[in-house]
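# No sequence on hand, only this structure:
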């Protein structure tokens, strides 16, 4: 069965600190996709990144970086020099490829990040 | 390009009333999803459509819930009769299946309160 675990329920940091949000997933499939979404206080879900199971290269986008490690089934998200605007709930999600088509997203429970000024 | 549009943004109703939530997906997207978010259960998929056809409705909680997609640019999620435990934020998302899978883009959500 597919499962996404975000063990950190809440994290509080002071502005300019670096912070890493953990994501561990379970899947029996060899082809799958991993995602991160951000949910700011306004409530919408904002797509941040998609990574497929065949691409273990880390990715950096500005202050955001992602570390994908198949050996540990983890897809961690790091924010460098955090800012107050980063305060949000962050969701990790898994999508499997089966039967030739997929799009079902399995979400983790989310990590609430509070960045204090 | 307009994103996924949902209406209404907020809905307050009384138990027993019919509630209809609406969604307009991103133009050109061929998958549409309905999710529900609650504190207890987190984000859960209710149903999804491909080319206007329901593919998987195993997440629909019970017969009081129904969803339709009469055309590529419109979908509804209906609850009849509504109950207080249906109070949640309902999200619609859409995607374009280029290859095996693609990114789902979410609407702003409808916050439903059933009194």
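Received it, and whenever you're ready, just let me know what you need. Just so it is clear, the model here is predicted, and its values are computed rather than measured.

# Regarding the most centrally placed residue in chain B, which helix or strand does it belong to?
Central residue of chain B (Cα atoms, centre = their mean): residue B:34, 3.0 Å from the mean position. Take DSSP states H and E as the rule and residue B:34 turns out to sit in strand B:31-38.

# ok, back up a step: what's near enough to touch the nearest residue to the residue nearest to the centre of chain B once chain neighbours are set aside?
Nearest residue to residue B:34 in three dimensions, chain neighbours excluded: residue B:46, at 4.4 Å (Cβ to Cβ, 6 or more residues apart in numbering or on different chains). Every C-beta, even on glycine, is put in place using the N, C-alpha and C of the backbone. If a contact means Cβ atoms under 8 Å, 6 or more residues apart in numbering or on different chains, then residue B:46 has B:34-36, B:57, B:59-61, B:65, B:67, B:77 as its contacts.

# now, which of those residues sits nearest chain A?
When those are ranked by distance to chain A (Cβ to the nearest Cβ), residue B:35 comes first, at 8.2 Å.

# ok so, going back, tell me the buried residues in the strand holding residue B:34?
By neighbour count on 16 or more other Cβ atoms under 10 Å in any protein chain shown, the buried set for strand B:31-38 is B:31-37.

# Compile those residues into TSV and extend it with columns for pLDDT.
Output for those, formatted as TSV (pLDDT from 0 to 100):
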residue	pLDDT
B:31	91
B:32	94
B:33	94
B:34	97
B:35	96
B:36	97
B:37	97
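
# Could you work out the most separated pair of the residues you listed?
B:31 and B:37 (19.0 Å; Cβ to Cβ).

# re the thing from before, C-terminal to the strand holding residue B:34, what's the next element?
strand B:42-50.

# distance between that next one and the chain's centre?
Centre-to-centre, strand B:42-50 and its host chain are 7 Å apart (Cα atoms, centre = their mean, to the nearest Å).

# circling back to that earlier point, give me the subset of the contacts of residue B:46 lying in helices.
Counting by DSSP state H, no part of the contacts of residue B:46 is found in helices.

# By pLDDT, give me the weakest of those.
Across those, the member with the lowest pLDDT is residue B:61, scoring 87.

# can you pull the contacts of that one?
Residues in contact with residue B:61 (Cβ under 8 Å, 6+ apart) are residue B:46.

# List the neighbouring strands of the helix or strand bottoming out on mean pLDDT in chain A plus their orientation.
Every helix and strand in chain A was compared by mean pLDDT, DSSP states H and E; the lowest is strand A:59-61, with a mean of 87. Here strand A:59-61 has these sheet partners by DSSP bridges: strand A:64-69 (antiparallel).

# Can you work out which other helices and strands pack against whichever helix or strand comes after the partner strand?
Counting by DSSP H and E, the next helix or strand C-terminal to strand A:64-69 is strand A:74-79. Packed against strand A:74-79, as judged by 3 or more Cβ pairs under 8 Å, 6 or more residues apart in numbering or on different chains; DSSP states H and E, are the following elements: strand A:19-21, strand A:24-26, strand A:32-39, strand A:64-69, strand A:88-96.

# about what we covered before: from the chain's centroid, how far away is the least confident helix or strand of chain A?
Strand A:59-61 has its C-alpha centroid displaced from the chain centroid by 13 Å (Cα atoms, centre = their mean).

# Not counting that strand itself, show me its contacts.
A:49, A:51, A:65-66.

# again, only using 10 Å
Strand A:59-61 has contacts (Cβ atoms under 10 Å, 6 or more residues apart in numbering or on different chains) with A:48-51, A:65-68, A:78, A:80.

# contacting residues for the residue nearest to the centre of chain B?
Contact analysis of residue B:34 by Cβ under 10 Å, 6+ apart lists B:21, B:23, B:44-49, B:57, B:59-60, B:65, B:67, B:69, B:75-77, B:90-93.
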